[in-house]
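A.B. asks: Provided below for reference: sequence and predicted model.
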Amino acid sequence: QVQVAESGGGLAQAGGSLRLSCEASGGILNSPAMGWFRQTPGTGREFVAVISGTGADTHYADSVKGRFTISRDSAKNMIYLQMNSLEPEDTAVYHCASRTKNLTRPSMNAGAYIHWGQGTQVTVSS
């Protein structure tokens, strides 16, 4: 049974930085595409950043481009999200997600991901 778990959220001031980590365990093979999505109360899951199975292909939402960086360590089945120049608008619950094991191409559509973590809260104060 595949499990996905995030860590690293917390409180930051505007202009500060946080680094999120995500580990996928339990039957992960062939380094599937993974990604980060975020959600605020009353909204759906918003695409943030995704990365291919090899790590060579990445995509970012326009709102975070140039400030956030997604990376992965496939040997450890982990991905990371380095968040710099944080803004109050980045406040949300951040979820990590993985596609099924043979799908290495990333998608910006949350519906393409079948394994999800519980999420980690990121709060940015002004």
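C.D. replies: The structure has been received and is ready for your questions.

A.B. asks: and what about the residue nearest the centre of the chain, helix, strand or coil?
C.D. replies: For the chain, the residue sitting closest to the mean C-alpha position, by CA atoms, centre = their mean, is W36 at 2.1 Å. Counting by DSSP: H, G, I helix; E, B strand; the rest coil, the backbone at W36 sits in strand.

A.B. asks: gap between it and S126?
C.D. replies: Distance of W36 to S126, given as CB to CB, to the nearest Å: 23 Å. (C-beta placed from N, C-alpha, C; glycine too.)

A.B. asks: and what of V93?
C.D. replies: Going from V93 to S126 by CB to CB gives 19 Å.

A.B. asks: higher neighbour count, those two?
C.D. replies: V93 (18 against 9; other CB atoms under 10 Å).

A.B. asks: contacts only, for that one.
C.D. replies: By CB atoms under 8 Å, 6 or more residues apart in numbering, V93 lies in contact with R38, Q39, T40, G119, T120, Q121, V122.

A.B. asks: and the end-to-end length of stretch 117-126?
C.D. replies: Its start and end residues considered, stretch 117-126 measures 28 Å (CA to CA, to the nearest Å).

A.B. asks: which residues touch that stretch?
C.D. replies: Under CB under 8 Å, 6+ apart, the answer for stretch 117-126 is 4-14, 16, 18, 20, 22, 38-39, 83, 86-97.

A.B. asks: quick one: buried ones out of those residues?
C.D. replies: Buried by 16 or more other CB atoms under 10 Å: 4, 6, 8-9, 12, 18, 20, 22, 38, 83, 86, 90-97, out of the contacts of stretch 117-126.

A.B. asks: strands of this protein, start to end?
C.D. replies: Using DSSP state E, the strands of the chain run over 3-7, 10-13, 18-25, 34-39, 46-51, 58-60, 68-73, 78-83, 92-98, 115-116, 120-125.

A.B. asks: so for N109, which of those strands sits nearest?
C.D. replies: strand 46-51 (7.6 Å; CB to CB).
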